[in-house]
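Asks: below is the sequence, then the predicted model.
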Amino acid sequence: MNRQFGLTLLYISIFITALPNCSCDVEVYSPPSPALIVVMPDEIDFGAVAVDSFASRTFTILNEGKATLSVSALTLDPLEAPFAPERNTYTIEGESSVDAIIHFRPTEDDSYEAILTVSHDASNNNEPKTVTLKGRGASDLVCTSCDGLESECQEDTLVSYENIGGCEEDQCLYQSTETWCACGCDAQALECILCPDAGPTEVWDAGSFVTVGEVDAGLAPNLVIDAGSGPTAALDAGISEPVSPESESYRAVIAANIERTCGINASGEVKCWGKCDLAPSCPPDGMWGNNAGEAPADMPALNLGFNTPVASIKWSGFAYCVLTTNNYAKCWGNNMGSLGFPSDETVVGADPAQMGANLPYLDVGAGLTIQKLDLAFNHGCALLTNGKVKCWGAKSFLGLGLSGGLSDQLGDEPGEMGDALPFLDFGSHGHEVVDIALAGENSCALFSNGKVKCWGRNSAGQLGIGEPPYVLGLANTRGDAPDEMGDNLPFVDLGEDVFAIQVTLGIGHACVLTFDQRVKCWGANNEWGFLGQGHDLPKIGTELSEMGDNLPYTDLGSQGGVLALFAKGTHTCALFDIGKIKCWGDNWTGMLGYEDVNPRGSAAAEMGDNLPFVDLGTDFFAMGLTVGALSTCVSSMTDEIKCWGTNPNGELGLGDTANRGDNYGEMGDNLPVINID
């Protein structure tokens, strides 16, 4: 034994022996046990569900540890299976659980199966957590007790009975919705009586007023500008001149993403509220805007590493890109293909060290700048100031003749962006691109001749080229094989003398705004009326006979003309030249703003003048519009902002977590203004 070590033990022994006898309560620090995830059950069978209906089930995510568990994603394989999680991320405290909701919406008589993978940060991360989802679509399924369900007037209240899908012991599942009719309820037509419209009769044009009469006379051609997406009107016919990003009169200053919302303040800075994992500082509960006193105006701006004001902001799949007034871009958020730079991080920006000067500019090539960009779930595209387009992300959807799985990306490795990233080939017609739009797994480009080309997945005819969703049993995707772009990619047949000036995409559908201020839409429709054509056909655009002059205009009524159009998820909104908006499509979180959860657009009686303007409040003249997956925002000519729809994380910025727009009394003057300055 070492002599010095032996003496040390002797001194310790003597010291302990000399201590008086005592009893002491000692608190010993013990680190908390790590998060441990359990998912149950591991299989959900929806059984038979009526085609074009939907059913919902739940599974439990349990955290058996004491540390907080973060669920970062719920992903489906295959993606095209008709299952959808209601939420994709969860934060679960120690020794607690949440019930995750899964929806099943079959569109055909068929059996479906998919694997839902739960991505998480639990210590047992080496054990993938999956749930097998099964279900069958049945067109012959009849819920007999649903017969006779309809709407009824109860004095000045319209009560609607809505089939919400599925059967339990032959009993139809439905819910009733009450809508107060300000000008009375028509018991014969079973609808609210339309109130006389007394809105403003002026239009805001890049800083000056013109009358509606001047619009009708063609004296104000520069009015039709993309709501929140950049220049759309550098048109060959001399109809309009291109506009720079900072002069976009109708650009939206809000990006209404899932779980969080971002806005541009008067100084050109970006602030994000709702789920707080990208902000410089976050409250202990991980959300900003869900508690009283947490106003977006009081939170710090994101550190993006430049002093140039931000002109516009785009989002998709929890990723964001901003475009500055001098035509440069930066992107951050979920790194699923749309960020355009190499990173091993699944989320860029959660660590403040990744932001600021460390956040790279989007590299589109030497000497090239961006006039507009847009994002989809797994890819992004930039319209350059030279009128050409570059895209990056999941190879199959870029229009570059490349194929691969969703994880097979272009732009996520060094040397793949910049000059190495090729321009898209749109053919020899010689017309420049003046607008682009992305959503889901699709992209569209609008050209200076007023025509449109679309590429990507054609799951519901959203490419508008008259091709079926599947060819020889394989999903029909345009642009993932050689010789599918260029002159081989046809223009969308919009009809004779139809001149498009803006294109926008939702999840599975596409719409254009025409020079005469009307709207045409094609792609997925179903009973939620995504296309607003007054029918519930599943899809339009898989046959050539459905396009061209046979493709009807969306009837938006006789009051005012449409200035801008926006779709990103399953609903679409139009901004009118009288400072008002109308919305149609899905509405399960109240994102249409009609104080109910009823979809609009699948019945003729729901469109035209029967589709009311959204009540934005007294003297609110809308001039900016943006549509999120589950929410909608507008900005006024006085820079006031209002948002409605889903709000579980405080993403509406109103100091609570209550949805807006899904119940009576929540819109109009009762909907507060969001202050971001």
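Replies: Yep, it's here.

Asks: so the closest residue to residue 134 other than its chain neighbours: helix, strand or coil?
Replies: Excluding the flanking residues, the one nearest residue 134 by C-beta to C-beta, 6 or more residues apart in numbering is residue 45, at 4.5 Å. Bear in mind the C-beta positions are built from the backbone N, C-alpha and C, glycine included. Using DSSP: H, G, I helix; E, B strand; the rest coil, the three-state assignment for residue 45 comes out as strand.

Asks: how many neighbours does residue 45 have?
Replies: 13 (other C-beta atoms under 10 Å).

Asks: relative to residue 510, how far out is the nearest residue to residue 458 once chain neighbours are set aside?
Replies: Spatially, and ignoring its direct neighbours in sequence, residue 458 is nearest to residue 476 (4.4 Å; C-beta to C-beta, 6+ apart). Distance of residue 476 to residue 510, given as C-beta to C-beta, to the nearest Å: 15 Å.

Asks: which of these two has more neighbours?
Replies: More crowded of residue 476 and residue 510, by other C-beta under 10 Å: residue 510, with 29 against 18.

Asks: quick check: that one is in a strand.
Replies: Yes. Residue 510: assigned to a strand according to three-state DSSP.

Asks: ok, it touching residue 520?
Replies: No. Counting by C-beta atoms under 8 Å, residue 510 stays clear of residue 520, with 9.1 Å between them.

Asks: residue contacts, the residue nearest to residue 458?
Replies: 457, 458, 459, 467, 468, 469, 470 (C-beta atoms under 8 Å, 6 or more residues apart in numbering).

Asks: swap the cut-off to 7 Å and go again
Replies: Counting by C-beta atoms under 7 Å, 6 or more residues apart in numbering, residue 476 touches 458, 467, 468, 469, 470.

Asks: so which of those is surrounded by the most neighbours?
Replies: Neighbour-wise, those (other C-beta under 10 Å) top out at residue 458, 27 neighbours.

Asks: strands along the stretch 1-150 of the chain, start to end?
Replies: Under the criterion DSSP state E, counting those that start in this stretch, the stretch 1-150 of the chain contains strands at 37-40, 43-50, 55-63, 69-77, 83-85, 90-92, 96-104, 110-120, 129-138.

Asks: out of those, nearest to residue 366?
Replies: Comparing those against residue 366 with C-beta to C-beta, the closest turns out to be strand 69-77 (35.6 Å).

Asks: from the contacts of residue 476, which is closest to residue 350?
Replies: residue 458 (35.4 Å).

Asks: need phi/psi at that closest one.
Replies: phi -110, psi 50 (degrees, to the nearest 10).

Asks: right, and it touches residue 478 too?
Replies: Yes. The pair residue 458 and residue 478 passes the contact test of C-beta atoms under 7 Å, sitting 6.4 Å apart.

Asks: where in the chain is pLDDT low?
Replies: 1-32, 52-54, 140-150, 161-180, 182, 194-252, 279, 471-474 (pLDDT under 70).

Asks: pop the domain breakdown of it in here.
Replies: As recorded under automatic domain parsing, the domains making up the chain are 37-138, 144-192, 225-670.

Asks: pick the most buried one from those.
Replies: Most buried of the domains of the chain by mean neighbour count (mean count of other C-beta atoms under 10 Å) is domain 225-670; its value is a mean of 21.

Asks: residues in contact with residue 343?
Replies: Here residue 343 is in contact with residue 335 (criterion: C-beta under 7 Å, 6+ apart).

Asks: how much space between it and residue 333?
Replies: From residue 343 to residue 333 the distance is 11 Å (C-beta to C-beta).

Asks: mind putting the strands of the stretch 1-150 of the chain in JSON lines, distance to residue 292 included?
Replies: Formatted as JSON lines, these follow (distance: least, C-beta to C-beta, whole Å):
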{"stretch": "strand 37-40", "distance to residue 292": "33"}
{"stretch": "strand 43-50", "distance to residue 292": "38"}
{"stretch": "strand 55-63", "distance to residue 292": "28"}
{"stretch": "strand 69-77", "distance to residue 292": "26"}
{"stretch": "strand 83-85", "distance to residue 292": "30"}
{"stretch": "strand 90-92", "distance to residue 292": "21"}
{"stretch": "strand 96-104", "distance to residue 292": "24"}
{"stretch": "strand 110-120", "distance to residue 292": "31"}
{"stretch": "strand 129-138", "distance to residue 292": "36"}
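
Asks: that concludes my questions; thank you for your assistance.
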